[in-house]
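Q: Sharing a sequence plus its predicted fold:
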Amino acid sequence: MPDKPKYKTPSNIQALYYLIVLVSAGMIIYEKSKRDNEENLAWLLFWFVVMMTAFYFATRNWAYDNPKPKPGEEDTDEADLPEIQDVDIPSLDEMIKKLDETKKDE
């Protein structure tokens, strides 16, 4: 079975993808801001396809740069985990009594 292709694009190409997404989104907004009789569905669809293609290439690169760990390979240190502290939490009745006491004191 042949290996899957690995995608590695430089960060300047990634910035180009961002720019293409922003420009195409701006053009879609521009087309939608025109009057109804001047709006052209073909241009809207064209810019939408351009934007979605740029999203595809950008996310393909993001997935390559940030791979998910395989099951069983998770590397967690015990120092990274938060400490669970034993805290005495009052019941709802105790909270209501305390609130009523503070209101009576005022």
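A: Great, that's in hand. Numbering: from 1, shown residues only.

Q: Helix or strand next in line after the lowest-mean-pLDDT helix or strand in the chain, which one?
A: For the chain, scoring each helix and strand by mean pLDDT, DSSP states H and E identifies helix 41-65 as the least confident one, at a mean of 86. Scanning forward in sequence from helix 41-65, with DSSP states H and E defining helices and strands, the next element found is helix 92-105.

Q: What lies in contact with that next one?
A: Taking CB atoms under 8 Å, 6 or more residues apart in numbering as the criterion, the residues outside helix 92-105 that touch it are residue 90. Backbone N, C-alpha and C define where each C-beta goes, glycine included.

Q: Could you list the low-pLDDT ranges of the protein?
A: Along the chain, the model assigns pLDDT under 70 to residues 1-11, 63-67, 69-82.

Q: please redo it, this time with the cut-off set to 50
A: Screening the chain residue by residue with the criterion pLDDT under 50, one finds the ranges 1.

Q: Mind checking which residue lies nearest the centre of it?
A: With distances taken as CA atoms, centre = their mean, the residue of the chain nearest its centroid is residue 59 (11.1 Å).

Q: ok, now how distant is that residue from residue 48?
A: With distances defined as CB to CB, to the nearest Å, the gap from residue 59 to residue 48 amounts to 16 Å.

Q: And residue 103, by the same measure?
A: Computed as CB to CB, the residue 103 to residue 48 distance reads 58 Å.

Q: Settle it for me: which of the two has more neighbours?
A: Here residue 103 and residue 48 are compared on neighbour count by other CB atoms under 10 Å; more neighbours surround residue 48, at 15 against 8.

Q: Please name the residues that touch that one.
A: By CB under 8 Å, 6+ apart, the neighbours of residue 48 are 24, 28.

Q: Please tell me how far it sits from residue 32.
A: The spacing between residue 48 and residue 32, counted by CB to CB, is 11 Å.

Q: quick one: buried residues of the least confident helix or strand of the chain?
A: When burial is assessed from 16 or more other CB atoms under 10 Å, helix 41-65 yields the following buried residues: 47, 50-51, 54, 57-58, 61.

Q: Would you convert these into CSV that also reports distance to residue 99?
A: Formatted as CSV, these follow (distance: CB to CB, whole Å):
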residue, distance to residue 99
47, 57
50, 59
51, 53
54, 55
57, 57
58, 52
61, 54
